[in-house]
Structures are given as C-alpha cells and as structure tokens.
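Engineer: Take this sequence and fold it.
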Amino acid sequence: MQASDQSLVEATLKGKQHAFDRLVQKYQSVVYGLAYHWTRNTADAQDLTQDAFFTAYEKLDQLENPARFAGWLRRITVNLCRQWHRARHDGIESIDAPGNERLLDELPHPTEAAHATLEAKEMQQTVAEILELLSPKIRLASCEKLVSAV
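Structural biologist: Below you'll find the predicted structure:
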C-alpha cells in the first residue's frame, strides 16, 4: 500500500528522511516536467527541480495542510520558474541556453586561448631577458622605440 502525502509529510516532520525521499520519487518527474516546460533546457530544469525540492524540504513545517503537498510543491516550482524567467529576461542568460549554439561555436577553444597566452608570456620574458643584457643607455633607447611602435 502506498503511503499518502499527508503521512509522508508528517513522517518527514518527525525526522524520517526516507519519507521525504519517497515524496521526491513520487513527484520528481512532475516537477522536472513543469520546470522543463518553462526553461526548455535540461540543465536549468534539473537545477530548478533540485531547488524546488530543497525549498519544499526547508519550508515543510510551513505547509498548513499536509494532504495538499502536491499543489504546494507545484506553487513552489512555478515561483522558482518565474524567478528564473525574470532573471533570464533581465539580461542574464546561460551560454548553454538553447539558441546560443552560434556563440559557443564562435568562442575560442580553451586550449587555443591558453596557447596564445602562453606564447605572449614567453615572448615578453624573452624580450625582458634580452633587454637585461643591454647597457642601461641602449636599453632605455630600445624601450622608447618599442613603446613608440605600439
């Protein structure tokens, strides 16, 4: 026999973690589906699902009618999705969000950027070593030429 939401909520409030685990198992796909409907992005939907259950667990003692856990959890999820949507439309957007594939293609590969940075540092070090070999008077003149060339 499957336990009711009310009995699972009451057991959770008495410290029985397995009861909340059963609530998560029971509603995980529903919460994920709702979050995915809002985000159209797997990673964001997973994050929102986790946030919804975390919030529900933290505020479970505020649930007035444990028999209405499902509706309460749905409201938590929708509120989190709305916050996500507002943040996204305030100019904050994940580079992994749908539609940003072109941006990802245009970014330099991390190893290419690291290689270019390493080459530039090696060049600076080589120039500094060569300048150290010169007399102070010639070094000053060489530095002035380098600065004016830039």
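
Engineer: what about the chain, any weak spots by pLDDT?
Structural biologist: Applying pLDDT under 70 to the chain picks out residues 1, 90-115, 128, 131-132, 136-137, 139-150.

Engineer: got the residue ranges for the helices in it?
Structural biologist: Under the criterion DSSP state H, the chain contains helices at 5-13, 17-39, 42-58, 69-89, 101-106, 110-133, 136-149.

Engineer: so can I have JSON lines of those showing mean neighbour count?
Structural biologist: Any C-beta I mention is one placed from the backbone N, CA and C, and that applies to glycine too. Shown next, in JSON lines, are these (neighbours: other C-beta atoms under 10 Å):
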{"stretch": "helix 5-13", "mean neighbour count": "18"}
{"stretch": "helix 17-39", "mean neighbour count": "16"}
{"stretch": "helix 42-58", "mean neighbour count": "17"}
{"stretch": "helix 69-89", "mean neighbour count": "16"}
{"stretch": "helix 101-106", "mean neighbour count": "9"}
{"stretch": "helix 110-133", "mean neighbour count": "10"}
{"stretch": "helix 136-149", "mean neighbour count": "10"}
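
Engineer: quick one, domains of this structure?
Structural biologist: 5-101, 108-149 (automatic domain parsing).

Engineer: Look up how far residue 44 lies from residue 10.
Structural biologist: Distance of residue 10 to residue 44, given as C-beta to C-beta, to the nearest Å: 33 Å.

Engineer: An error on my part: the question was meant for residue 11.
Structural biologist: 31 Å.

Engineer: for residue 25, same thing?
Structural biologist: Residue 25 sits 22 Å away from residue 44, taking C-beta to C-beta as the criterion.

Engineer: And for residue 29?
Structural biologist: 16 Å.

Engineer: Then residue 130?
Structural biologist: Counting by C-beta to C-beta - residue 130 and residue 44 are separated by 52 Å.

Engineer: cool, and residue 129?
Structural biologist: For residue 129 relative to residue 44 (C-beta to C-beta), the value is 50 Å.

Engineer: Residue 15 too?
Structural biologist: 32 Å.

Engineer: Over to residue 27?
Structural biologist: With C-beta to C-beta as the criterion, residue 27 and residue 44 are 18 Å apart.

Engineer: And residue 76, by the same measure?
Structural biologist: 16 Å.

Engineer: That'll do, ta.
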